[in-house]
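A.B. asks: below are the sequence and a predicted model; questions follow.
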2 protein chains.
Amino acid sequence: MSLEIMGQKAKAAARTAARLSQTEINLALSAMADALEENSEEILAENQKDILAAQENGIREIMIDRLLLTEERIHQIAQGVREVAALKSPVGEIRDMRRMENGLQIGKMRVPIGVIAIIYESRPNVTADCAALCLKTGNAVILRGGKEAIHSNIAITKTIQKALERTSVTPNAVQLVTDTSRETAQQLMKLNRYVDVLIPRGGAGLIRTVVENATVSVIETGTGNCHIYADDGCDFSMATEIVYNAKTQRPSVCNAAESLLIHKNIAEKLLPLIWAALKEKNVEFRGCDRTAKIIPCKAAKEEDYYTEFLDYIISVKIVDGLEEAINHINKYGTGHSEAIITNSYENAQRFLREVDSAAVYVNASTRFTDGNAFGLGAEIGISTQKLHARGPMGLEALTSDKYIVLGNGQTR
Amino acid sequence: MSLEIMGQKAKAAARTAARLSQTEINLALSAMADALEENSEEILAENQKDILAAQENGIREIMIDRLLLTEERIHQIAQGVREVAALKSPVGEIRDMRRMENGLQIGKMRVPIGVIAIIYESRPNVTADCAALCLKTGNAVILRGGKEAIHSNIAITKTIQKALERTSVTPNAVQLVTDTSRETAQQLMKLNRYVDVLIPRGGAGLIRTVVENATVSVIETGTGNCHIYADDGCDFSMATEIVYNAKTQRPSVCNAAESLLIHKNIAEKLLPLIWAALKEKNVEFRGCDRTAKIIPCKAAKEEDYYTEFLDYIISVKIVDGLEEAINHINKYGTGHSEAIITNSYENAQRFLREVDSAAVYVNASTRFTDGNAFGLGAEIGISTQKLHARGPMGLEALTSDKYIVLGNGQTR
């Protein structure tokens, strides 16, 4: 099917989805969840085709694990859909209603965005997650997953569409682009007539391609070169525990710490403690000259400070104080999540105000930056841009506002 | 100066602007306003160069009037800057602060966006207006006005920069691109390293060029093909007054009505009333076949329904009911402002929910869609996109959020 026709169908589906009640939407989500579990055999069979192809193509084991579906994982996906159904939808909420001097009542109503396109990479669970979040908020979605998960994605989408047939939601509200060529992806990025927003989910390369080529509105999601700054006078055991947690608990995710900044006055005492803790996990240290005088480490190059390692590697820099730490973060960071470990009220305040990132922490691990930990219930991605949504994006990020104006004949 | 260097300076200026107190910012705005008035002689002399060039190039009288500055207009510009200074800034506001189960306190802090670029057309007052709104919210701005206003824009920007030298705000917070070539505009649209958002202000051609070429985030501002739908059972005199006001009070603006939809049951009685009223202003009617049987009019072509006339012309269509009216608006409209004139509670509710526009009205003129009438105090444009900001954009649209997270050693 051509993207033009998919776009038309999505637009029409969005109009009808916007009129549905929450009860109708939740029944549809529930039907989706049930169908995924009932149809797990077929989905697993299709998933095996992707796995075999990946093995033949010599894809890395860790990537194959991302692709793999199991009965248990399908159950988790279905549970995820049910959890989305249980959330309170922000759509229809009216707020800031005011009566103006001329008697006009003016306020804002929260409405669906319309058609949301999502371009993503390997994991097939994204297909069901995104479909559920978009439907919950009355949007239609056009999904374009990676080539390596195409059989799984088709099976999941078909299952969802079949389930929707028996509900008030039109199956056209969830469509998958089955042509995984680059050309089609490029077309999708320029489908301004139908697509209201495009959310890329994946590695830095995908995000860059989308930002450079899309003419539709994009929400950039995030690479996370996250920093922890240990300030003069901080609690050493707290600092050690937080760095240990943020670096090693799950190094492959975007909210893991990649870089440690440490105040010169405490470096000599604190660095060896952190080094000893992280050595348990064989973390590689890449440090500045001053760091190298205190702990064994490789010499950090300029580019190391720009790098999101997503691995058991950490860059270290000893700084003269808060000012240098903030400047370093704003220069080398990606605007994702940064933490200060401090006991100084003033430095905490300055760090919160002046670090230009989606999430700024005092005395806690950067690992908390996600929709669940932030109480959003679910998440469609973590925005590292400043427009529309910043940080973990929940249901609200999938909505827009319109002004509503109630009069009794006012003219100007 | 190269755009690269302007971008660097703007970025640095944004960092320092974000640290300023509201008192410091308001003093700077006040100094700007005073300087514009004190320096009016020089600004008027430079403006005369633009006016002469425009006359030599045979520019239309109405456009020359847009370019023209007078002592009184400069006073108004200065007053506008003072009014912005008097507004309450949303920056620094902390909201939704919650204590999670693990003891983390998580909330949102409103922060400046950073560097805002604005590409605009002829009117030189935009230069000072935008500078004031961006500064008020702690942002730096890169202005790129039209070639025809270049002398005026340089004079205004120099005056502002000179005034800022004596304040806490760095003059680099307000910069003007003096090279008005297309190439430089294109470069500005791709200056992702420094520009956080680009707002085009101008005609449909400019907006389209920006949307198609920009790689930085854009907020589309609006062409307004605004509709009024007169529903069965509406008050005829109210309908007539509102259509008269929305079409003729100022036809050249984006919130003026361009199209009238009218329920078939009332068309025969109401249309002649509206026709008679609008004929006072020599409004040209372009109607559907059914319209032509009731009032004298030209035959409306398909493209007329898509057109923002910005003139004393109105397209008319008789519809079978609300459903057709809503579908027509969502198909032909530009998502700006639409009104229903009705006495039906249910139809009013459906119109508000289902019409997909930035502002939807019941029983009032579309002419109210602007920052002042909506109580925003000032306006940097009217967004017709759904992301980040929709409808009139005040100070809040020039800010972003960051999550702030306060802990006492939490790890995951």
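C.D. replies: That came through, no problem.
A.B. asks: for the helix or strand of chain A with the lowest mean pLDDT, packing partners?
C.D. replies: When the helices and strands of chain A are compared on mean pLDDT, DSSP states H and E, helix A:61-67 comes out lowest with a mean of 87. Counting contacts by 3 or more CB pairs under 8 Å, 6 or more residues apart in numbering or on different chains; DSSP states H and E, helix A:61-67 is packed against helix A:40-56. Bear in mind the C-beta positions are built from the backbone N, C-alpha and C, glycine included.
A.B. asks: tell me the secondary structure for the closest residue to A:His336 other than its chain neighbours?
C.D. replies: Once flanking residues are discounted, A:His336 sits nearest to A:Gly224: 3.5 Å by CB to CB, 6 or more residues apart in numbering or on different chains. Here A:Gly224 is coil, with the state taken from DSSP: H, G, I helix; E, B strand; the rest coil.
A.B. asks: so A:Gly224 makes contact with A:Arg250?
C.D. replies: No - A:Gly224 is beyond contact range of A:Arg250, at 11.9 Å (criterion: CB atoms under 8 Å).
A.B. asks: mutual contacts of those two, please.
C.D. replies: Common neighbours of A:Gly224 and A:Arg250, counting by CB atoms under 8 Å, 6 or more residues apart in numbering or on different chains, are A:Ala256.
A.B. asks: circling back to that earlier point, and the residue nearest to A:His336, what's its pLDDT?
C.D. replies: Looking at A:Gly224, its pLDDT stands at 93.
A.B. asks: the one 10 residues further on too?
C.D. replies: The predicted local distance difference test score for A:Cys234 is 98.
A.B. asks: for the residue lying closest to it once chain neighbours are set aside, name its beta-bridge partners.
C.D. replies: Distances taken as CB to CB, 6+ apart put A:Ile341 closest to A:Cys234, at 4.4 Å, once the chain neighbours are dropped. Beta-bridge pairing for A:Ile341 (DSSP bridges): A:Ala230.
A.B. asks: between A:Gly224 and A:Arg250, who's got more neighbours?
C.D. replies: A side-by-side neighbour count of A:Gly224 and A:Arg250, using other CB atoms under 10 Å in any protein chain shown, places A:Gly224 first with 26 against 13.
A.B. asks: I figured A:Leu69 hits A:Ile43, correct?
C.D. replies: Yes - using CB under 8 Å, A:Leu69 is in contact with A:Ile43, at 6.4 Å.
A.B. asks: which neighbours do those two share?
C.D. replies: Between them, A:Leu69 and A:Ile43 share the contacting residues A:Ser152, judged by CB under 8 Å, 6+ apart.
A.B. asks: phi, psi for A:Glu37 please.
C.D. replies: phi -70, psi -40 (degrees, to the nearest 10).
A.B. asks: report the separation between it and chain B.
C.D. replies: Separation of A:Glu37 from chain B (CB to the nearest CB, to the nearest Å): 29 Å.
A.B. asks: repeat for A:Ala78
C.D. replies: Counting by CB to the nearest CB, the gap from A:Ala78 to chain B is 25 Å.
A.B. asks: returning to what we had before: okay, the least confident helix or strand of chain A in CSV with CA atoms only?
C.D. replies: Output of helix A:61-67 as CSV, limited to C-alpha atoms (Å, rounded to 0.1, in the frame of the first residue of the first chain):
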residue,chain,number,x,y,z
GLU,A,61,23.9,-11.9,20.3
ILE,A,62,22.8,-8.9,22.4
MET,A,63,20.8,-7.6,19.4
ILE,A,64,19.2,-11.0,18.8
ASP,A,65,18.1,-11.0,22.4
ARG,A,66,16.4,-7.7,21.7
LEU,A,67,14.6,-9.2,18.8
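A.B. asks: figure out how far that helix is from the centre of its chain.
C.D. replies: 19 Å (CA atoms, centre = their mean, to the nearest Å).
A.B. asks: again, but for stretch A:352-363
C.D. replies: Here stretch A:352-363 is found 18 Å from its chain centre; the criterion is CA atoms, centre = their mean.
A.B. asks: and the end-to-end length of that stretch?
C.D. replies: One end of stretch A:352-363 sits 12 Å from the other (CA to CA, to the nearest Å).
A.B. asks: stretch A:187-197 now?
C.D. replies: OK, stretch A:187-197 end separation, CA to CA: 14 Å.
A.B. asks: residues near the closest residue to chain B within the stretch 251-400 of chain A, how many?
C.D. replies: Of all residues in the stretch 251-400 of chain A, A:Ala364 sits closest to chain B, at 2.9 Å by CB to the nearest CB. Using other CB under 10 Å as the criterion, A:Ala364 is surrounded by 27 other residues.
A.B. asks: list the contacts for it?
C.D. replies: Contacts of A:Ala364 (CB under 8 Å, 6+ apart): A:242, A:339, B:104, B:405-411.
A.B. asks: how is chain A divided into domains?
C.D. replies: The record's domain parsing of chain A by automatic domain parsing lists A:3-220+A:385-406, A:226-368.
A.B. asks: which of those domains sits closest to B:Ile25?
C.D. replies: Closest approach to B:Ile25 among these (CB to CB): domain A:226-368, 14.7 Å.
A.B. asks: flag every buried residue along the helix or strand containing A:Phe285.
C.D. replies: Here A:Phe285 sits within strand A:284-287, counting by DSSP states H and E. Within strand A:284-287, the residues that count as buried by 16 or more other CB atoms under 10 Å in any protein chain shown are A:285-287.
A.B. asks: nearest to A:Asp179, of those residues?
C.D. replies: Using CB to CB, the buried residues of strand A:284-287 come closest to A:Asp179 at A:Arg286, 42.4 Å.
A.B. asks: surely the closest one and A:Glu303 touch.
C.D. replies: No - here A:Arg286 lies out of contact with A:Glu303, judged by CB under 8 Å, at a distance of 10.2 Å.
A.B. asks: in three-state terms, label the closest residue in space to A:Thr291 that isn't next to it in sequence for me.
C.D. replies: Nearest in space to A:Thr291, with sequence neighbours left out and distances taken as CB to CB, 6+ apart, is A:Val316 at 4.7 Å. Judged by three-state DSSP, the three-state class of A:Val316 is strand.
A.B. asks: list the contacts of A:Val316.
C.D. replies: A:259-262, A:271, A:285-288, A:291, A:297, A:300.
A.B. asks: from B:Gly287, how far out is it?
C.D. replies: Distance of A:Val316 to B:Gly287, computed by CB to CB, to the nearest Å: 74 Å.
A.B. asks: ok, whatever residue of the stretch 1-150 of chain A ends up closest to chain B - how many residues close by?
C.D. replies: The nearest approach of the stretch 1-150 of chain A to chain B comes at A:Ile113, 5.2 Å away (CB to the nearest CB). Counted with other CB under 10 Å, residues neighbouring A:Ile113 total 24.
A.B. asks: could you measure it against A:Leu198, distance?
C.D. replies: From A:Ile113 to A:Leu198 the distance is 11 Å (CB to CB).
A.B. asks: residues contacting the spatially closest residue to A:Gly222 that is not a sequence neighbour?
C.D. replies: Ranked by CB to CB, 6+ apart and with sequence neighbours excluded, the top spatial neighbour of A:Gly222 is A:Thr384, at 3.8 Å. By CB under 8 Å, 6+ apart, the contact set of A:Thr384 is A:220-224, A:334-336, A:358, A:390.
A.B. asks: of the residues you listed, the lowest pLDDT goes to which?
C.D. replies: Per-residue pLDDT puts A:Gly222 lowest of the contacts of A:Thr384, at 78.
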